[in-house]
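1. structure of the sequence below:
(one chain, ligands or ions: 1)
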Amino acid sequence: MQQNKAYQNVVILGGGTAGWISAALLVKLLGKSIRIQLVESDEIGIVGVGEATIPPMLNFNAALGIDEAAFIRETKGTIKLGIQFENWRKTGDSYMHAFGSIGKEFPSCSFHHFWLRSQQLNMGYDYWDFSLNYQAALQHKFAHLDRIEGVNLPGLAYAYHFDAGLYAQFLRRFSEGLGVSRIEGKVSQVVLDELSGEVKTLVLASGQQVHGDLFIDCSGLHSLLIEKTLNTGFEDWSHWLPADSALAVPCGSAAQITPYTRSIAHGKGWQWRIPLQHRTGNGFVYSSKYCTDEEAKATLLANLDGEPLAEPRKISFRTGRRRKQWHRNVVSIGLSSGFLEPLESTSIHLIQTGIMRLIKFFPNHGISDAEREEFNRQSKVEFEQIRDFIILHYKMNDRGDTQFWRDCAAMDIPESLARKIEVFRHSGRVFREQDELFSEIAWQQVMLGQGLIPQDYHPMVNALSEVQLQELLQNLQAIMQVTAGRMPPHQQFIDHCLR
Ligand SMILES: Cc1cc2nc3c(=O)[nH]c(=O)nc-3n(C[C@H](O)[C@H](O)[C@H](O)COP(=O)(O)OP(=O)(O)OC[C@H]3O[C@@H](n4cnc5c(N)ncnc54)[C@H](O)[C@@H]3O)c2cc1C
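-> Here you go, the predicted model:
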């Protein structure tokens, strides 16, 4: 530990989404106190996937002061209102993890308890009848709407889809405009300080040396600093999330751009469809233990919206996290810090929270071991909470058609998730952990969507008579349908951004 060391020279290794997000936020918030250099290698390139996001992305863009229309235009972006999960519970079944709220918020008792009682009374409502996001998504509608007019109900929550390569370029222009220096070249050697073991210098193949006080490892799956240099160690979660491969391929767009991501389960894995303005991003995620590359390729190519625009590209990965996200004077952000498969589009969010956390902990004169440990503890909790949410989708499947899905349904799960499932199964209750990314409504949707129907509902619901309950639900259903119906088409919003 070097208590009084100033961290004025920050070196970011990597110019993918993680590198440029880190550079943009650091320069925007700390640019007057620190010097930022970013090293990236054109020869190595970027992973080039990661095109679907979640609503906190809006906060990040707001922190940078990014104009939304310019962002949509320059990244060929579209709106995302949720993720449609098809065939996940069983073949032919589908549900949405829709962003935003559902129904009406009541203190002490979540809205879904009212719906649960209506189910017991056979009133015939679908839970998603009360989701404005779902209703708008189905009709391909979108508008900026914070609150529903005339009633005290929340409006639409949304995120974006964008082209990963264009997004990195967009942030590069932003960061360089504010003073970040970019150095092109491949790092061939990392020099450590003999006494402290901290990283001192990156030596490029050209011989150029880049010195720094603090290094941010955004080298992606290469993990050049945090792992290959500092041997920080990896916590492997592949026994819970067995996918270790993805094939990615872009294709021509469908006739109509859906304002949501599609996640389609197949016999030996699942496929993403991310609609952009100029193409659809597709990928097939699978475990090499259960599915060959040839089978994956055949499944992917047989299920595209349009003509493939390239050969499918394979990406291999391991699910889990770096044991310490901050080790010595290296902080890992992005794929170098760990990876949770893209089912709930959480990686870019983890980049944003990772760099925001670093800014909160940013040392003025030295950093203590206790601060680094606290940073690492917070990162660990965040990763674990997201991990549990993703495992839920696999564990609760009722497909039974292949060994892959049968093994997922039979696997042991983390105790934290088992407890959550049991509490929900028994009484319909679900509690969001402190600072947890996914809301109670997100958990409810996936649990219900995967067929986990609670045995009971909250007694507070019995305060309403059956007639009152029917009235409440009818009103809410009508409000969501009418509000969504009045919105303009999503395409109209995109066209407006392009003007
Ligand atoms: C199959 C798949 C699908 C995904 N889908 C989503 C999604 O829908 N939503 C989401 O939020 N996330 C998704 N992700 C995650 C997302 O792609 C990444 O979090 C994001 O792209 C960040 O990547 P990165 O910047 O860490 O790595 P990369 O993009 O790989 O960048 C690494 C950088 O390091 C540089 N570099 C490496 N070694 C050296 C060296 N020796 N010298 C110089 N430079 C070097 C490279 O040149 C590059 O610039 C997905 C990931 C995968 C694998």
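
2. next one, pLDDT for the single nearest residue of the stretch 101-250 of the chain relative to the ligand please.
-> Of the stretch 101-250 of the chain, the residue with the smallest distance to the ligand, taken as C-beta to the nearest ligand atom, is Gly220 at 2.6 Å. C-beta: built from backbone N, CA, C; applies to glycine. On pLDDT, Gly220 comes in at 98.

3. mind checking the SS state of the nearest residue to it once chain neighbours are set aside?
-> Nearest-residue entry for Gly220: Leu335, 4.4 Å, with adjacent residues in sequence omitted and distances by C-beta to C-beta, 6 or more residues apart in numbering. Under the three-state scheme (DSSP: H, G, I helix; E, B strand; the rest coil), Leu335 adopts helix.

4. Leu335: neighbour count?
-> The number of residues packed near Leu335 is 26, by other C-beta atoms under 10 Å.

5. same check, this time on Ile183
-> When neighbours are counted by other C-beta under 10 Å, Ile183 registers 17.

6. wait, what's in contact with Asp456?
-> Listed by C-beta atoms under 8 Å, 6 or more residues apart in numbering, the contact partners of Asp456 are Leu116, His426, Ser427, Gly428.

7. from those, which is closest to the ligand?
-> Proximity of those to the ligand, judged by C-beta to the nearest ligand atom, is greatest for Gly428, which lies at 30.2 Å.

8. give me the low-pLDDT residue ranges for the stretch 201-350 of the chain?
-> Segments of the stretch 201-350 of the chain classed as low confidence (criterion: pLDDT under 70) are not present in this model.

9. flag every residue of it that's near the ligand.
-> If contact is defined as C-beta under 6 Å from any ligand atom, the residues of the stretch 201-350 of the chain in contact with the ligand are 218-220, 222, 224, 246, 248, 283, 315, 317, 334-336, 342, 345, 347-348.

10. read off the pLDDT value for Gln3.
-> With respect to pLDDT, Gln3 has a value of 57.

11. sorry, slip of the keys, the one I care about is Asn152.
-> Taken from the predicted model, the pLDDT recorded for Asn152 is 88.

12. neighbours around it, how many?
-> Counted with other C-beta under 10 Å, the burial measure for Asn152 works out to 8 neighbours.

13. narrow the residues of the stretch 201-350 of the chain next to the ligand to those in strands?
-> Restricting these to those inside strands, with DSSP state E as the criterion, leaves Ala246, Ala248, Gly283, Ile315.

14. out of those residues, which comes closest to Ala265?
-> Taking C-beta to C-beta as the measure, Ala265 sits nearest to Gly283 out of these, at 13.5 Å.

15. got a list of what that closest one touches?
-> Remark: with contacts taken as C-beta under 8 Å, 6+ apart, Gly283 is in contact with Val49, Ala246, Leu247, Ala248, Val249, Gln271, Trp272, Leu300, Pro342.

16. isn't the fifth one right next to Glu307, touching?
-> No - in this structure, Val249 sits apart from Glu307 without contact. The criterion is C-beta atoms under 8 Å, and the distance is 10.5 Å.

17. looking at the two, which one has more neighbours?
-> Val249 (19 against 7).

18. my guess is the residue of the stretch 101-250 of the chain closest to the ligand contacts Gly15, does it?
-> No - under the criterion of C-beta under 8 Å, Gly220 lies out of contact with Gly15, with a separation of 9.9 Å.

19. from Asn282, how far out is Ala52?
-> 12 Å (C-beta to C-beta, to the nearest Å).

20. neighbour count for these two, which is higher?
-> Legend: neighbour count by other C-beta under 10 Å for Ala52 and Asn282, higher for Ala52 (28 against 25).

21. am I right that the more buried one is in contact with Trp272?
-> Yes - with contacts counted by C-beta under 8 Å, Ala52 reaches Trp272, the gap being 7.3 Å.

22. now do the contacts for the residue nearest to Ile183 when sequence neighbours are not counted.
-> Closest residue to Ile183 in three dimensions, ignoring its sequence neighbours and counting by C-beta to C-beta, 6+ apart: Val39, at 4.8 Å. Val39 sits next to 11-15, 182-185, 187, 202, 204, 210 when contact means C-beta under 8 Å, 6+ apart.

23. the same query, at a cut-off of 10 Å, please.
-> Contacts for Val39 (C-beta atoms under 10 Å, 6 or more residues apart in numbering) come out as 11-15, 19, 181-187, 202, 204, 208, 210, 212, 215, 218-219.

24. whichever helix or strand it is part of pairs with which strands?
-> Secondary structure from DSSP states H and E places Val39 in strand 35-40. Here strand 35-40 has these sheet partners by DSSP bridges: strand 9-13 (parallel), strand 181-184 (parallel).

25. select, out of those strands, the one closest to Ala484.
-> In terms of C-beta to C-beta, the element of the strands paired with strand 35-40 nearest to Ala484 is strand 9-13, at 42.3 Å.

26. could you point out which element follows the closest one?
-> Helices and strands here follow DSSP H and E; after strand 9-13, the next one along the chain is helix 17-30.

27. list the buried residues of that next one.
-> Within helix 17-30, the residues that count as buried by 16 or more other C-beta atoms under 10 Å are Thr17, Ala18, Gly19, Trp20, Ile21, Ser22, Ala23, Ala24, Leu25, Leu26, Val27, Leu29.

28. distance to the ligand for the residues you listed - can I get that in CSV?
-> Output for the buried residues of helix 17-30, formatted as CSV (distance: C-beta to the nearest ligand atom, whole Å):
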residue, distance to the ligand
Thr17, 4
Ala18, 3
Gly19, 5
Trp20, 8
Ile21, 8
Ser22, 9
Ala23, 11
Ala24, 13
Leu25, 14
Leu26, 15
Val27, 17
Leu29, 20
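
29. that older thread, show me whatever sits in contact with both of Ala52 and Trp272.
-> In contact with both Ala52 and Trp272: Ile83, Thr261, Ser263, Gly281, Pro342, Ser345, using C-beta under 10 Å, 6+ apart.

30. need the max-distance pair from these.
-> Pairwise distances across these (C-beta to C-beta) peak at 13.7 Å, for the pair Ile83 and Gly281.

31. between these two, which contacts overlap?
-> Taking C-beta under 10 Å, 6+ apart as the contact rule, Ile83 and Gly281 both touch Ala52, Thr261, Trp272.

32. from these, pick the one nearest the ligand.
-> For these, the residue nearest the ligand by C-beta to the nearest ligand atom is Ala52; the value is 3.7 Å.
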